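1. Next input, structure requested:
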Amino acid sequence: MPMLEERFWAKVDKNGPVPGADTLAAGKGPCWLWTASKTRRGYGQVSIGRKLRSVHQVAWELLVGPPPVGLELDHLCHIRHCVNPDHLEWVTHRENLMRSDNLVAQNARKTHCVNGHEFTPENTRTDSRGNRGCWICIRRRRNEYKRKVRSLSNA
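-> You can find the predicted model right below:
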């Protein structure tokens, strides 16, 4: 294992940027940046034996210990090739997604529908896929459809 550790840490720059106040890693020191191979999405990777591993997970295992079962590491600094364990936190997959800026997380954070109606328990419909809808808008669309169908059948 000492050979792996030497090889690993030789590819880490511990003088990376310091995360800003807008991140969960604020005040936790600079990023430790992986300087070697990265995936297309920007995550550091290293070959151990014949297996490619994520470098943030390897760094955690080397410095802290084994990972908890069923959780994944979230980069609190939002820098995917950072391996500073102070910038990493074990979370559920859902929590990791919700902390990101992907479309699912953006929609989940919305408090109002596109027409400005608030998403409240009384005014929100959630379908079987988890998509939310505003009951005011749903009823309006249904009524408009019914009027259109009636006008076509009366013509």
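2. Please count neighbours and contacts with C-alpha atoms only from this point.
-> Fine.
3. can you list the residues that contact the helix or strand hosting R150?
-> Applying DSSP states H and E as the criterion places R150 in helix 135-154. Helix 135-154 is contacted by residues 115, 117, 123-125 when judged by Cα atoms under 8 Å, 6 or more residues apart in numbering.
4. Now rank those by neighbours and give me the top one.
-> Highest neighbour count within the contacts of helix 135-154, by other Cα atoms under 10 Å: T124, with 19 neighbours.
5. Which strand residues bridge it?
-> Per DSSP bridges, residues listed as beta-bridge partners of T124: C134.
6. That one against H117, yeah?
-> No: using Cα atoms under 8 Å as the test, T124 is too far from H117 to be in contact (9.7 Å).
7. shared neighbours of the two, which are they?
-> Counting by Cα under 8 Å, 6+ apart, the residues touching both T124 and H117 are C134.
8. any idea of the mean pLDDT in the helix holding R150?
-> For helix 135-154, the mean pLDDT works out to 92.
9. what do you get for stretch 104-122?
-> Stretch 104-122 comes out at a mean pLDDT of 90.
10. how long is it end to end?
-> Terminal residues of stretch 104-122 are spaced 22 Å apart (Cα to Cα, to the nearest Å).
11. what's it in contact with?
-> Under Cα under 8 Å, 6+ apart, the answer for stretch 104-122 is 97-99, 133-134, 136-137.
12. go on, stretch 34-48?
-> Under Cα under 8 Å, 6+ apart, the answer for stretch 34-48 is 11-13, 52-56, 80-83.
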